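Asker: Could you look at this predicted model? Sequence included:
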Amino acid sequence: MADGLAGALAIGVAAATPAAAQEKPGSLGLGIFTFTSGPAAAYGMPGKNAADLIIEEINAKGGIEGVPVRATYVDEAQGAQGVIAEYRRLAADAQNQVMVAALSSANCLALAPLAEQLEVPTVGWNCDTHQLLIDGKRKYVFRPNGNTVPEFIAYAIYLLDRKPDVKTVAIINPDYAFGHDAAKIFTAALKALKPDVEIVAELYPKLGSPNYQTEISRLATARPDVVFSNLWGADLENFVRQAAPRGIFTSSQVILALGETVLQRVPLPDGVIVGVLGDGWWMSPDAKANPETAKFAERYKARFGEYPVFPSIKMANTLIYVKAAYKAAMQKNGGKWPTRAELADAMKGSKVATLTGTAQTRADNDGLVDQIIGVTVKTPAQQFPVIGDMVRYRGDSLMPQAGQDPLAWISTLKPEFAKSLPKPGSYK
C-alpha cells in the first residue's frame, strides 16, 4: 500500500451534525460489533483482537489528526434485540459516526433497515449473506468483503476441478441465513456445472451446538463423495474433533469453507479443501509480498499467541476501507470533518488497497474481492497445516451484475464458464 499500514489504518469518526462537521472532535468513537462471548467468540475474538491492535497503534502515533480513537465493542452473543438496542444507543452519540457491524448475517439483516432509518454509515465487516444488499436500495449500508454468491460458487468450481467425477454430496451447515444461503448457492452452482450431482443429505444443526454425533452418523451412513460445510467458530472446531475419529475425513472429500480459522487449533489431515471467504489469507503470495501485511501478522502473533486468521484480516481490511472513505470525503469537502452523509457518499464506488488485495464497491454498495481457495498441506515452516494448491479467482468473475437475481444467474452457468477460470495450483 502506498501509505503503509499506519497511514492506511488511520480510522476516524467525527461528529455527525452539519454544524459540528467543521470542528475537530475531542475523540473519535467507533462502534464495533462482534462476538466476544459464547461459541461464536472463537471466530469473533480474532476480529476484535485485530481492531484492538490497530487502534492501539494509531493512538500510540497520536491518533487521527491528533485525536484519539475510542472503540466501543458490542457483543453480538446477546441476541438481535440487544444488538439493535446497542446500535441505537451508539448512533445517538454524534461522535460515533460509523458502525462496523456486524459479524452475524442475521444481525446484519436486522441492523440494515435501522442504518437507513438513522442514516448512519454501517460497514459489514464480515456478514456474508447475499440478501443484505440484494434490492440495491441501501444508501448507508456497505459490505467491502464480498458475499455468499462468489464465496460458494468458488468452492463448487474448485471442487469440480479437483474431483470432476463427483456424484454425491452431503451438506452440514448452521441453521440460519448464512448456512442456508451457502447450501443453496453451492448446490445451484454444482447442478449448473455438473447436473448429475446428487445431494444425498442436508443437515442444519442449531448454531452453537456442542455435539454433532447424530449428524456425523448420518454422514457416515450416506458415505457421500463430498461433505461440504460452512460451520464456523466453536461449532466448526467441535465438528472437526468429533468427525475425524469417525473417519469422515478419509471416507469423503471434505470442504470446510471457513476451515482456515481452525488450522492453528485443531489437527486437519492433508487434502481438506479450505478457504478464507475472500482474499484474507495472510500467507498468500499477495500478502507475503506486502511488507506491511507481514509486519501486521508478526505483531498479531506476538500479542495474541497465534497468527491472524481471516476474520482478523477482514476486520483490518474493513478499517482500511473506512479510513479511505474519510480521506476521500475530506479531500472533497476541503479538509473539514465529514458528515455521515458525506462519508457514505465517499464509500460509494470506492476502490481501496487492503492488506491482501483490493476491495471495490459496486453501485449497489456490495464489494468485489478475490476468492482464495486451496487444500490443507503440511510444511516444515509451520507447526500447523497451511493452504496449498491455491487458486485466486477474480472478485468480479464470480458475481452477477448488480440487480440480477443471484440464483437465477447461477442457473445459467455452463461448464465452459468454469473452464475459463484459473486452476488449482495456479496462484503461487
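Answerer: Perfect, thanks for sending it. Given the structure is predicted, the values throughout are model-derived calculations rather than measurements.
Asker: For the longest helix that the chain contains, which residues meet the burial criterion?
Answerer: When every helix of the chain is counted residue by residue (DSSP state H), the longest turns out to be helix 310-332. For helix 310-332, the neighbour count (16 or more other Cβ atoms under 10 Å) marks 310-330 as buried. To be clear about C-beta, it is placed using only N, CA and C from the backbone, and glycine gets the same treatment.
Asker: try stretch 234-250
Answerer: The neighbour-count check on stretch 234-250 (16+ other Cβ under 10 Å) flags 234, 235, 236, 237, 238, 239, 240, 242, 243, 244, 248, 249 as buried.
Asker: my guess is the second one meets residue 174, correct?
Answerer: Right, the one you point to is residue 235. Yes: using Cβ atoms under 8 Å, residue 235 is in contact with residue 174, at 6.4 Å.
Asker: what touches both of the two?
Answerer: Residues touching both residue 235 and residue 174 (Cβ atoms under 8 Å, 6 or more residues apart in numbering) are 205, 207.
Asker: Nearest residue to the middle of this structure?
Answerer: Nearest to the mean C-alpha position of the chain, by Cα atoms, centre = their mean, lies residue 126 at 4.0 Å.
Asker: you'd agree residue 211 is in a strand?
Answerer: No: Residue 211: not assigned to a strand; according to DSSP: H, G, I helix; E, B strand; the rest coil it is coil.
Asker: so what's residue 327 scoring on pLDDT?
Answerer: Looking at residue 327, its pLDDT is 86.
Asker: can you list the domains in this structure?
Answerer: The chain is divided into the following domains under the TED database: 28-146+288-365, 149-276+370-420.
Asker: right, so those: which one is the most enclosed?
Answerer: Most buried of the domains of the chain by mean neighbour count (mean count of other Cβ atoms under 10 Å) is domain 28-146+288-365; its value is a mean of 21.
Asker: what's the span of that domain, first residue to last?
Answerer: One end of domain 28-146+288-365 to the other measures 24 Å (Cα to Cα, to the nearest Å).
Asker: just use 40 as the starting number from now, easier for me
Answerer: Understood, numbering begins at 40; the last thing we discussed is domain 67-185+327-404.
Asker: to the chain's geometric centre, what's the distance from it?
Answerer: 11 Å (Cα atoms, centre = their mean, to the nearest Å).
Asker: What of stretch 192-201?
Answerer: Its chain's average C-alpha position is 19 Å from that of stretch 192-201, according to Cα atoms, centre = their mean.
Asker: Pull the contacting residues for residue 360.
Answerer: Listed by Cβ under 8 Å, 6+ apart, the contact partners of residue 360 are 162, 181, 183, 386, 389, 391, 393, 398.
Asker: and the residue lying closest to residue 82 once chain neighbours are set aside, what is it in contact with?
Answerer: What sits nearest to residue 82 in space, not counting adjacent residues and going by Cβ to Cβ, 6 or more residues apart in numbering, is residue 272, at 4.0 Å. Listed by Cβ under 8 Å, 6+ apart, the contact set of residue 272 reads 74, 78, 79, 80, 81, 82, 83, 300.
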